[in-house]
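Peer 1: What follows is a predicted structure for the sequence shown.
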Amino acid sequence: MARTNVIPFGPQHPVLPEPIHFELITDDELIVDAIPSISFVHRGLEKLVEKRDFIDFAYVAERICGLCSFMHSMGYCQAVENIMAIEVPERCQYLRVIWAELGRLHSHIFWLGVAADAFGFESLFMQSLRVREKVLDIIEETTGGRVIFGMNKVGGVKRDIDAETLKGIVGRLTSMKNILEELTSIFVDDYSVKHRLVGVGYISRDDAYRLGCVGPMLRASGYAIDMRKIGYAAYKHLDVEPVVETSGDCHARCLVRVREIFQSIDLIRQAAEKIPEGPVEVKVKGTPDGEYFSRIEQPRGEVIHYVKANGTKYLQRFRVRTPTFSNIPAMITALKGSQVADVPNIILTIDPCISCTER
Amino acid sequence: MKLFTMTKTVMRNLVSGPATLMYPQRRRVYTPITRGRIEITINDCIFCGLCSRRCPTHSIMVTKDNKEWQIDRLKCCTCNLCVEICPKKCLLMDNHYFPPVTERVQAIYKQSLDIS
């Protein structure tokens, strides 16, 4: 006779990179319900906005998350720039796109590794991180940091990339394509990997929309929603086509990310070709007054930065709606009815970033 | 044939060296712009305290009276902001990381008294 058990999963678990806790209510090996609880790493960064002036806060915003660090500061800076009606130079917008895509690249390759680790393919994890190191080298050479770029500020970026380096970056990324193709072919075609991922954690097209999924999660279920299409920064000049899969399972989400890696390389190439000459920053005068919310596409999905200012140099309110937070309800739906052994895979395929979620 | 694929991989891995650096023999080369560690040429400092006020983690403390500049290296997040705003340009960012410390102490720099 089947017995109902409650299995605590996390906050410390070998498969989880960051702390999140689930109570898995199981019926033998089948999961009946999952109750999530978050806020193990709450740091109070949103409250800090009242203590730090709006120019310094770009540094705090960058440190919300380690993997999408650049995009957090980019979203924040865009919001403040819009409130203050600052026209950011064209070259700066292109540089932002290049760095954002480099960030997406290393985040996705890292995710491939962690996902491989979750289904027990540890040598693939090491191979992925070896490839990621090449991207981190490019980032370090252009910004000075490996994961915290520290390049954004209100009114522009701090450092320029000269034309020769830019050409070198494109060349290096293009030569990386072969290694990446070899690496990702295992995720796409390998028998054991497919056996582990296909049909697991299915989210239907309607559910994905109704539960408010964002990013690769939504695109894997057949919706072509990508915030880069709304044309923030320099994306309006580039040719961005959302990567869409229709099967809605873990393997589809994996495929979306694999294809986005190559899309990012292509976007960097496009941006390097089109980048105009000019200054990279403008001087900021005065203080912001008003409110704005900026929507940008992170590796994990759409992130919203809401900024409210009251005319002083300290902002009144700063709010981040992170992609992981809006993907959690869908993850719970996917968990219901799955096997206990598939839980790590399902959790990992939403690409959870818990320190983002809890700030 | 799967066997040939594997042989190819094995041969390639035998020929190519390790992906990691054998640390004590080969050190990592940092790029010139790597953000590593804040250093100060204390004799140029005018103790205006701008770096201390702007530091996002409050890791810098400046006392004007006894001409002292201290930094908590474990708090510092190497954001480079102090280096950028220093009016005398006496702060600089070194491009290597600092060695591990055994206790939480402040790095204190004192300006020597100029007797002339």
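Peer 2: Here it is on my side, so go on.
Peer 1: So which bits of the stretch 151-300 of chain A are right by chain B?
Peer 2: A:158-159 (C-beta under 8 Å from any C-beta of the partner chain). From N, CA and C alone the C-beta is placed, and that goes for glycine too.
Peer 1: hey, where'd the strands end up in the stretch 151-300 of chain A?
Peer 2: All strands of the stretch 151-300 of chain A, identified by DSSP state E, counting those that start in this stretch, fall at A:152-153, A:156-157, A:289-298.
Peer 1: any chance of those strands in JSON lines, with mean neighbour count too?
Peer 2: Below are the strands of the stretch 151-300 of chain A laid out as JSON lines (neighbours: other C-beta atoms under 10 Å in any protein chain shown):
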{"stretch": "strand A:152-153", "mean neighbour count": "24"}
{"stretch": "strand A:156-157", "mean neighbour count": "24"}
{"stretch": "strand A:289-298", "mean neighbour count": "19"}
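Peer 1: Which one of the ones you listed lies nearest to A:Ser123?
Peer 2: A:Ser123 sits nearest to strand A:289-298 of all the strands of the stretch 151-300 of chain A, at 28.7 Å, using C-beta to C-beta.
Peer 1: Of all the strands of the stretch 151-300 of chain A, which one is nearest A:Gly44?
Peer 2: The nearest among the strands of the stretch 151-300 of chain A, by C-beta to C-beta, is strand A:289-298 at 20.8 Å.
Peer 1: strands paired with the closest one, and their directions?
Peer 2: Note on strand A:289-298: by DSSP bridges, its sheet partners are strand A:301-310 (antiparallel).
Peer 1: Buried residues in the partner strand, which are they?
Peer 2: Neighbour counts over strand A:301-310 (16 or more other C-beta atoms under 10 Å in any protein chain shown) mark A:301-309 as buried.
Peer 1: Now the element after it, going C-ward?
Peer 2: Counting by DSSP states H and E, the next helix or strand C-terminal to strand A:301-310 is strand A:315-321.
Peer 1: is chain B contacted by that following strand?
Peer 2: No: for a cut-off given as C-beta under 8 Å from any C-beta, strand A:315-321 has no contacts with chain B; the smallest distance is 14.4 Å.
Peer 1: Over to B:Ser16: give its phi and psi.
Peer 2: Note on B:Ser16: backbone dihedrals following degrees, to the nearest 10 are phi -70, psi 140.
Peer 1: ok, A:Ala356 to chain B distance?
Peer 2: Slight slip there: residue A:356 is Cys, not Ala. Distance of A:Cys356 to chain B, computed by C-beta to the nearest C-beta, to the nearest Å: 18 Å.
Peer 1: Just want the angle from the host helix or strand of A:Pro329 to strand A:289-298.
Peer 2: Using DSSP H and E, A:Pro329 falls within helix A:323-335. Using axes from the mean of the first three to the mean of the last three C-alpha atoms, to 10 degrees, the direction of helix A:323-335 lies 50 degrees away from that of strand A:289-298.
Peer 1: Leaving out chain neighbours, which residue sits closest to the residue in the stretch 101-250 of chain A that chain B sits nearest to?
Peer 2: For the stretch 101-250 of chain A and chain B, the shortest gap (C-beta to the nearest C-beta) falls at A:Gly144, measuring 4.1 Å. Distance criterion C-beta to C-beta, 6 or more residues apart in numbering or on different chains; nearest residue to A:Gly144, sequence neighbours excluded, is B:Ile33 at 4.1 Å.
Peer 1: What of B:Phe47?
Peer 2: Nearest residue to B:Phe47, sequence neighbours excluded (C-beta to C-beta, 6+ apart): B:Lys64, at 4.5 Å.
Peer 1: host element of the closest residue to chain A within chain B?
Peer 2: When scored by C-beta to the nearest C-beta, chain B has B:Ile33 as its residue closest to chain A, at 4.1 Å. Using DSSP H and E, B:Ile33 sits within no helix or strand.
Peer 1: Next: B:Tyr97.
Peer 2: Of the helices and strands defined by DSSP H and E, none includes B:Tyr97.
Peer 1: isn't it right next to B:Ile38, touching?
Peer 2: No: applying C-beta atoms under 8 Å, one finds B:Tyr97 not in contact with B:Ile38, separated by 11.7 Å.
Peer 1: what about the helix or strand where A:Tyr76 lies and chain B, any contact?
Peer 2: Element membership for A:Tyr76 (DSSP H and E) is helix A:69-83. No: shown here: helix A:69-83 not in contact with chain B (C-beta under 8 Å from any C-beta), separated by at least 10.8 Å.
Peer 1: Report the next helix or strand after the helix of greatest length in chain B in sequence order.
Peer 2: Assignment by DSSP state H gives helix B:2-15 as the longest helix of chain B. Per DSSP H and E, the first helix or strand lying C-terminal to helix B:2-15 is strand B:37-40.
Peer 1: ok, now which ones touch A:Ile225?
Peer 2: With contact set as C-beta atoms under 8 Å, 6 or more residues apart in numbering or on different chains, A:Ile225 has these partners: A:214, A:218-219, A:242, A:302.
Peer 1: scratch that, A:Val157 is what I was asking about
Peer 2: Listed by C-beta under 8 Å, 6+ apart, the contact set of A:Val157 reads A:92, A:95-96, A:99, A:151, A:280-281.
Peer 1: hmm, try it at 6 Å
Peer 2: A:Val157 makes contact with A:92, A:95, A:151, A:280, according to C-beta atoms under 6 Å, 6 or more residues apart in numbering or on different chains.
Peer 1: Turn those residues into a markdown table, columns for distance to A:Ser107, pLDDT and neighbour count.
Peer 2: Below are the contacts of A:Val157 laid out as a markdown table (distance: C-beta to C-beta, whole Å; pLDDT from 0 to 100; neighbours: other C-beta atoms under 10 Å in any protein chain shown):
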| residue | distance to A:Ser107 | pLDDT | neighbour count |
| --- | --- | --- | --- |
| A:Cys92 | 22 | 89 | 25 |
| A:Leu95 | 18 | 90 | 26 |
| A:Met151 | 16 | 86 | 26 |
| A:Val280 | 24 | 85 | 21 |
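Peer 1: tell me the strands in the stretch 1-150 of chain A, going along the chain?
Peer 2: Ranges of strands in the stretch 1-150 of chain A, per DSSP E, counting those that start in this stretch, are A:4-9, A:21-27, A:30-37.
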